[in-house]
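Participant: just need the structure, nothing else, for what follows:
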Amino acid sequence: MKISVILAHPDAESFNHGIAATAEAALKSNGHEVFFHDLYAEGFDPLLSAAEIPKGAKLDALTAQHCAEIAAADGIVIVHPNWWGQPPAVLKGWIDRVIRPGVAYEFIEGDGGEGVPAGLLNARAVLVFNTSNTAAAREREVFGDPLDTIWKNCIFGLCGVTNVQRRMFGIVVTSSREERAGWLREVAETVDGHFPACV
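Facilitator: Numbers count the residues shown, from 1 in each chain. Below you'll find the model as predicted:
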């Protein structure tokens with residue numbers, strides 16, 4: 001299987017990088033082809049220009065590569081911190097530029113864009129791993145867990161992927177080495193469960 005792994009965290013020493021590396025290693029160990037992108041490290045430009053909005057617009061080489069890979073992916077893994085209940089700006093820009101018409105979704109004939117799009121992604125599953133310094137109960141009760149809604153309903157659900165699983169790890173800032181090691185084992189087990197070894 002072909003799996004896209006998208007990482008969005010500016011600190012190369014972050015726990016997010018540990019999560020992404022663990023997911024990548026588990027996927028490769030299971031025999032999958034991995035498209036790995038550290039958006040900060042590769043300097044991905046998050047700004048969507050007016051010229052790039054229309055379906056079929058000319059894209060720069062890096063964005064075109066991302067689009068081709070996400071369209072071909074049998075699975076997707078997203079790793080990012082929870083910043084103000086949202087993904088980091090570089091990842092939001094990646095969504096704007098890569099999860100685009102003709103690649104991830106399309107509107108049916110006669111729909112001018114005001115309706116519900118038809119999903120085009122081939123991915124059978126999406127795993128989203130987040131880190132947070134907010135307690136899970138507070139996230140749910142006070143903020144309504146916006147990241148769950150964003151990834152499941154506002155993005156991948158509209159692109160044809162019904163199996164979207166998200167796991168939030170926290171509180172990271174006060175976590176112990178043992179807790180983080182346990183979380184990384186959980187990442188590997190989750191990846192194995194959704195993308196088992198190729199037969």
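
Participant: and the next helix or strand past the one helix or strand in the chain whose mean pLDDT sits lowest?
Facilitator: Scoring the helices and strands of the chain by mean pLDDT, DSSP states H and E places helix 136-138 at the bottom, with a mean of 75. Note on helix 136-138: by DSSP states H and E, the next helix or strand toward the C-terminus is helix 146-149.

Participant: what's the neighbour count on residue 89?
Facilitator: The number of residues packed near residue 89 is 12, by other Cβ atoms under 10 Å. C-beta: built from backbone N, CA, C; applies to glycine.

Participant: so who does it touch?
Facilitator: residue 46 (Cβ atoms under 8 Å, 6 or more residues apart in numbering).

Participant: could you do the one 3 residues further on as well?
Facilitator: The contact partners of residue 92, by Cβ under 8 Å, 6+ apart, come to 46, 86.

Participant: what strand or helix carries it?
Facilitator: helix 89-98.

Participant: need the three-state assignment for the residue positioned nearest the centre of the chain.
Facilitator: The centre of the chain sits closest to residue 78, judged by Cα atoms, centre = their mean, with a distance of 2.7 Å. Assigned by DSSP: H, G, I helix; E, B strand; the rest coil, the conformation of residue 78 is strand.

Participant: returning to what we had before: tell me the buried residues in the least confident helix or strand of the chain?
Facilitator: Within helix 136-138, no residue counts as buried by 16 or more other Cβ atoms under 10 Å.

Participant: can you check the pLDDT for the closest residue to residue 31 other than its chain neighbours?
Facilitator: For residue 31, ignoring the flanking residues on the chain, the nearest one in space by Cβ to Cβ, 6 or more residues apart in numbering is residue 198 at 3.7 Å. With respect to pLDDT, residue 198 scores 88.

Participant: which helix or which strand is home to residue 198?
Facilitator: For residue 198, there is no host helix or strand (DSSP H and E).

Participant: run a quick neighbour tally on it.
Facilitator: The burial count for residue 198: 9, using other Cβ under 10 Å.

Participant: cool, residue 129 as well?
Facilitator: As a burial measure, residue 129 scores 25 neighbours (other Cβ under 10 Å).

Participant: show me what it bridges to in the sheet.
Facilitator: Per DSSP bridges, the residues bridged to residue 129 are residue 79, residue 167.
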